[in-house]
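1. Next come a sequence and a model predicted from it.
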Amino acid sequence: MRLGGEQIQRDLPFFSALSVSSFFSALGPDAIAQIAALCTSRKMLDGETLFLKGDPGDALYGVRRGQIVITTTTDTGRQFTLNILGPGDIFGEIALLDGQPRSADAVASGKVELFMIRRSDFQDLLKRQPEITTRIIELLCERLRFSSERLEEASLLSLKSRLARRLLKLAEDFGEEIDITQEELSVLVGAGRETVNRQLQKWRKSGVVALGRARVKIIDTRRLQQEAADRDRGSE
């Protein structure tokens with residue numbers, strides 16, 4: 001495959017990272033190589049801010065190592081965690097497409113390594129590769145489903161079910177040992193920290209999870225799946 005008259009090499013630094021990403025993997029090796037040629041790397045320290053709500057939407061990011069926490073703050077000063085992103089996750093795609101300001105904050109949790117694609121470079125590529133645009137549309141649909149599921153959880157499910165679902169989803173991304181504080185969990189499920197702590201302690205005593213400092217380890221996945229399927233709000 002040629003880009004600008006030069007042979008694209010499959011051993012570009014970002015080729016492997018893009019190949020394992022659900023966002024890019026279906027595009028095929030030639031398209032991935034072209035996208036990899038656009039990537040640059042960025043390293044961040046724990047607590048460092050990548051961007052703030054209102055900043056220009058001028059790039060797409062992918063997590064290679066570490067975690068990025070996506071948050072927003074209300075007019076009253078209350079902070080909400082919208083998502084926790086790990087290796088293989090792509091974010092910033094909405095701003096990348098429409099060029100509008102960021103709709104949330106992004107902050108590093110631990111040491112983080114990202115790859116970045118600038119909006120101007122990506123727009124040029126989309127003109128040459130319309131199938132990438134199609135994949136982006138699919139990704140945005142997935143995000144919409146996720147938001148709908150969050151709304152359903154908040155309105156129909158008990159705290160126990162919401163918490164079980166969130167832990168299972170985090171485990172899909174980060175494994176059975178999840179580095180997350182109870183405060184962050186409480187924001188993710190829309191409940192108070194004390195309520196979340198009480199449920200976690202119940203699960204700890206019954207051998208469903210093990211608790212550490214800013215860490216939850218899932219011990220009994222099957223039991224947690226059963227709790228996630230419980231739609232009885234009276235069990236909260």
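-> Happy to help now that I have it.
2. okay, now the domains of the protein?
-> 8-154, 158-229 (the TED database).
3. Let me have those domains in a markdown table, extended by mean neighbour count and mean pLDDT.
-> All C-beta spots, glycine's among them, are computed from the backbone N, C-alpha and C. Conversion of the domains of the chain to a markdown table gives the following (neighbours: other C-beta atoms under 10 Å; pLDDT from 0 to 100):
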| stretch | mean neighbour count | mean pLDDT |
| --- | --- | --- |
| domain 8-154 | 16 | 82 |
| domain 158-229 | 17 | 89 |
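4. what are the bridge partners for the residue nearest the centre of the chain, then?
-> Centroid check for the chain by C-alpha atoms, centre = their mean gives Leu85 as the closest residue, at 3.0 Å. Judged by DSSP bridges, the bridge partners of Leu85 are Ile68.
5. surely it meets Gly66?
-> No: using C-beta atoms under 8 Å, Leu85 is not in contact with Gly66, being 9.4 Å away.
6. And the contacts of stretch 67-85?
-> 50, 53, 61, 63, 86, 89, 91, 103-110, 112, 114, 170, 173-174, 179-180, 184, 187-188 (C-beta atoms under 8 Å, 6 or more residues apart in numbering).
7. and the residues you listed, which of them are in strands?
-> 50, 61, 63, 91, 105-110, 112, 114, 179 (DSSP state E).
8. Tell me if Lys43 really is in a helix.
-> No: looking at Lys43 with DSSP: H, G, I helix; E, B strand; the rest coil, it is strand, so not inside a helix.
9. For Leu18, see how far away it is.
-> 18 Å (C-beta to C-beta, to the nearest Å).
10. Check Gly66 too.
-> Distance from Gly66 to Leu18, by C-beta to C-beta: 17 Å.
11. Equivalent analysis for Ala171, please.
-> 24 Å.
12. Same question for Ser109.
-> In terms of C-beta to C-beta, Ser109 sits 22 Å off from Leu18.
13. Enumerate every residue touching the spatially closest residue to Asp121 that is not a sequence neighbour.
-> In space, and not counting its chain neighbours, Asp121 is closest to Leu38: 4.6 Å by C-beta to C-beta, 6 or more residues apart in numbering. Applying C-beta under 8 Å, 6+ apart to Leu38 gives the contacts 117-118, 121-122, 125.
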